[in-house]
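> A predicted structure for the sequence below; I have some questions about it.
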Amino acid sequence: MFRLIAAIAVFPVLAVGCGRGHGVSGTTLLGRVDRAYRDVPGVGLAYSSSPALARYGPIKSLVWLRGGLVVASLERVAGSVIVWPGGKRTYARLRGVRCWAELSPNDQHTPLVQPAHRFLHASRMRPATPKRTATGWLLPITFHEPASRGIGNGLLARPAFGGVYVLAVDRGSYRVSAVLSQNDRRWVTLRHYASRPPLPKTTPRCRY
């Protein structure tokens, strides 16, 4: 889900040395990651700056989980806030606007936190062979995300994109400390919550 922010360019395919994962396949390791998030109530995600996202400034997301599935999400991008409180409706408060507008289903979404999907999963994903590190594993995953519509003049539409993202999996907990992109650069930093954060109110609603 990551109802996403707009105009994300195609991820460069990551040239990661996928050495042996000491007998652990990518599918097996991803399954262990999925199980590790069954009891996590919420996760914060902070996106590092990149040329494709530089004009949006800092990007932060917050997801609510139940049994490892994304049940609600919030994204802050370019001064706007996008909230999916669960169910079929999504709301946005665009920069400079005080009311909340209801969005169409495919207006915005972000990979890794797609509504009603497993956390850290993306569209048309395929895990590759993990690489063992001093603290756990690097798990490369290929994916392809469809395009999403924009929100008026507030957030631009995002074209379809794909490539590879890499999960930095911690040994022991099997939780992910970061998501890496090209050249092992940190793309997303994760913060795990011990209790469920409160959902923001999406009122008043816009009347246009």
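Yep, that arrived. Remember, predicted model here, so these are calculated numbers, not experimental data.

> what packs against the helix or strand where V179 lies?
For V179, the element it lies in under DSSP states H and E is strand 176-180. Under the contact definition 3 or more CB pairs under 8 Å, 6 or more residues apart in numbering; DSSP states H and E, strand 176-180 sits against strand 161-170, strand 186-193. For every residue, glycine as well, the C-beta is placed using N, CA and C.

> Could you look up the SS state of the residue nearest to G79 when sequence neighbours are not counted?
Leaving aside its chain neighbours, G79 sits nearest to R95 (3.2 Å; criterion: CB to CB, 6 or more residues apart in numbering). What DSSP: H, G, I helix; E, B strand; the rest coil gives for R95 is coil.

> R95 - how many residues pack around it?
11 (other CB atoms under 10 Å).

> Repeat that for the one 4 residues further on.
The number of residues packed around C99, counting by other CB under 10 Å, is 14.

> Check R66 too.
14.

> ditto for the one 10 residues further on
A total of 17 residues lie near R76 under the criterion other CB under 10 Å.

> which residues does it contact?
58-61 (CB atoms under 8 Å, 6 or more residues apart in numbering).

> Recalculate using a threshold of 6 Å.
Counting by CB atoms under 6 Å, 6 or more residues apart in numbering, R76 touches K60.

> where does it land in three-state SS?
Going by three-state DSSP: R76 is strand.

> Any idea what it is bridged to?
On the basis of DSSP bridges, R76 is bridged to K60, V81.

> do you know how far it is from V40?
Distance, R76 to V40, by CB to CB, to the nearest Å: 21 Å.

> now V188
16 Å.

> between these two, which one's more packed in?
Legend: neighbour count by other CB under 10 Å for V188 and V40, higher for V188 (23 against 18).
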